[in-house]
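Peer 1: predicted model and sequence follow; I will ask about them next.
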Amino acid sequence: MKHTKSSPPIPRATLLRPCDAEALQWDMQEIQLAIARRAYELFESRNREHGHDWEDWFQAESELLRPVSVAISDTTERFSVRANILGFSDNELKVSIEAKRISILGRKELAAATASQGAPPAEYYPDQVLRVIDLPSEIDPAGALVELQSGVLRFELPKAVKAEAMAVGAA
């Protein structure tokens, strides 16, 4: 008698609706201020020794933010961007899309059960992401597709049609 294993179902992709870029900037400001405060604390702990500002800033970011790896591919019609944000659900993420920039903000609430099971304290496990990705050329934000599947945030961004190309095509 043969036993067949069934593979787990592939999670469905969840579409995300981009929010207003200006509103997201306000939300991001709280995290940026926390990073600045922590960088200043590191500066003070070194008896205010100058010359380590970048080191302090990067150390503060590494303590407060989860790293986000990003891959960008480019065709003549569009950019495809993949951001690894494993552990975040769609309701814990906000994204904005501008003509030459993508912003990602994620805040995760760690369950109290996780801490009681011997997991590292929250200060060792950052519960937020903040990533701004500058694009090499303009895109059309209105035609963008954003979806989350299995911890990967996928952006399909059509490139903006230049006015010259439209005029040539109309002639």
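Peer 2: Cool, the structure landed. Residues are numbered from 1 along each chain as shown.
Peer 1: how about the helices in the chain?
Peer 2: In the chain, the segments counted as helices under DSSP state H are 21-45, 53-64, 112-116, 163-170.
Peer 1: mind putting those helices in a markdown table, mean pLDDT and mean neighbour count included?
Peer 2: From N, CA and C alone the C-beta is placed, and that goes for glycine too. Putting the helices of the chain into a markdown table (pLDDT from 0 to 100; neighbours: other CB atoms under 10 Å) gives the following:
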| stretch | mean pLDDT | mean neighbour count |
| --- | --- | --- |
| helix 21-45 | 94 | 14 |
| helix 53-64 | 93 | 15 |
| helix 112-116 | 46 | 10 |
| helix 163-170 | 52 | 8 |
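Peer 1: need those helices in JSON lines with distance to S80, can you?
Peer 2: Putting the helices of the chain into JSON lines (distance: least, CB to CB, whole Å) gives the following:
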{"stretch": "helix 21-45", "distance to S80": "21"}
{"stretch": "helix 53-64", "distance to S80": "26"}
{"stretch": "helix 112-116", "distance to S80": "33"}
{"stretch": "helix 163-170", "distance to S80": "21"}
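Peer 1: and those helices: which comes nearest L130?
Peer 2: Between L130 and the helices of the chain, the tightest spacing by CB to CB is seen for helix 21-45, at 5.1 Å.
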